[in-house]
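Chemist: Fold the stuff below for me.
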Amino acid sequence: MLVCSQQGYCNLSPHEIIQKAPPSAWRTVANENVLRITLPTGHVYVELNPELAPGHVDNIKALAREGFYKGLSVYRFVEGFVAQGGDALETKTPKLGKKAIPAEFALSTKQPLLINKLGYQDGYAASTGFYHGFAVAQNAQGTKTWQTHCTGAFAMARGDGPDTGGTEFYITLAPQRYLDLNITVFGRVLAGMEHVQKLDREAAEGKVFNLITDVVVLNDVVASEQTKFQVMNTESDEFSALIKARAHRPEAWFLARPDFTDVCSVAIPTKRLEKE
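Modeler: This next block holds a predicted model:
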């Protein structure tokens, strides 16, 4: 049986914890680190992760600001796997960004990086947890940290060489943890996964396959199109209580309570403050 150490949140359901969480438990996402991807199905918003993959964040923001993705497409959709977009035919040459950059599969630190550990055994890493709004994993020493391939992970596709990715991004449609440490993950979808799921699976005659109208840094759009997101602070007591509730399932409906969860089963609560 799990021991509840978060006063005021014991035996509450995940929904109740989210509803009860005070303003101090939420973090406003900086729009400088949010991409807005415009697809035929709607806008997809991605929070970038500059702490774990600064080179990839800088590069994709440079590509966005030069308009690299305008008129390209999400050209690969594999059901239950990924939706991949970019320059499939290699028709464009980046001006501000780069076609390929060094891999950032994991962040190495001299001292252990403190994360909010999940506390349950994981089949892919020595430990898992959350770091500043992202699901992560670590080695046993805590000196190697990487973002995990949970649903909605934003990552950079590559060729056979580790340093061959730079422009072709993908979004995971379901957890793909076996890809961890093989590809740079550098963000997650904040909102709009339903628009990714609605994309065409196959190209239609006479129609551009899943056209990308544009990819922009949200901070760059006009004020009338600005929107703000808040995510629960993954270092907060409220989020720690949420992890325990996801594992124990205190709701009366549950007859079998697993007292277990994994890093991809704890969704990070996200709120949109302003609608378009």
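
Chemist: C-alpha from now on. contacts and neighbour counts both.
Modeler: Noted.

Chemist: Please work out how many residues are found near the residue lying closest to residue 183 once chain neighbours are set aside.
Modeler: Spatial nearest neighbour of residue 183, chain neighbours left out: residue 105 (5.8 Å); criterion: Cα to Cα, 6 or more residues apart in numbering. Using other Cα atoms under 10 Å, residue 105 has 20 neighbouring residues.

Chemist: How is residue 105 classified with respect to secondary structure?
Modeler: coil (DSSP: H, G, I helix; E, B strand; the rest coil).

Chemist: Am I right that it is in contact with residue 179?
Modeler: No - if you go by Cα atoms under 8 Å, residue 105 and residue 179 don't touch, sitting 10.1 Å apart.

Chemist: quick one: contacts for residue 156?
Modeler: 165-170, 183-186 (Cα atoms under 8 Å, 6 or more residues apart in numbering).

Chemist: 10 Å - rerun?
Modeler: 56, 60, 84-85, 103-104, 164-171, 183-187 (Cα atoms under 10 Å, 6 or more residues apart in numbering).

Chemist: Then residue 139?
Modeler: Per Cα under 10 Å, 6+ apart, neighbours of residue 139: 108, 112, 124-128, 145-146.

Chemist: what residues are up against the closest residue to residue 165 other than its chain neighbours?
Modeler: Leaving aside its sequence neighbours, residue 165 sits nearest to residue 158 (Cα to Cα, 6+ apart; 4.2 Å). Contact analysis of residue 158 by Cα under 10 Å, 6+ apart lists 100, 103, 164-169, 182-184.

Chemist: Please apply the same query to residue 108.
Modeler: So residue 108 contacts 52, 138-139, 142-146 (Cα under 10 Å, 6+ apart).

Chemist: ok, what's across the strand from it?
Modeler: On DSSP bridges, the residues paired with residue 108 through beta bridges are residue 144.

Chemist: Now do it, the pLDDT please.
Modeler: As summarised for this prediction, residue 108 has a pLDDT of 98.

Chemist: any idea how far it is from residue 156?
Modeler: Between residue 108 and residue 156 the computed distance is 19 Å (Cα to Cα, to the nearest Å).

Chemist: same thing with residue 65?
Modeler: For residue 65 relative to residue 156 (Cα to Cα), the value is 18 Å.
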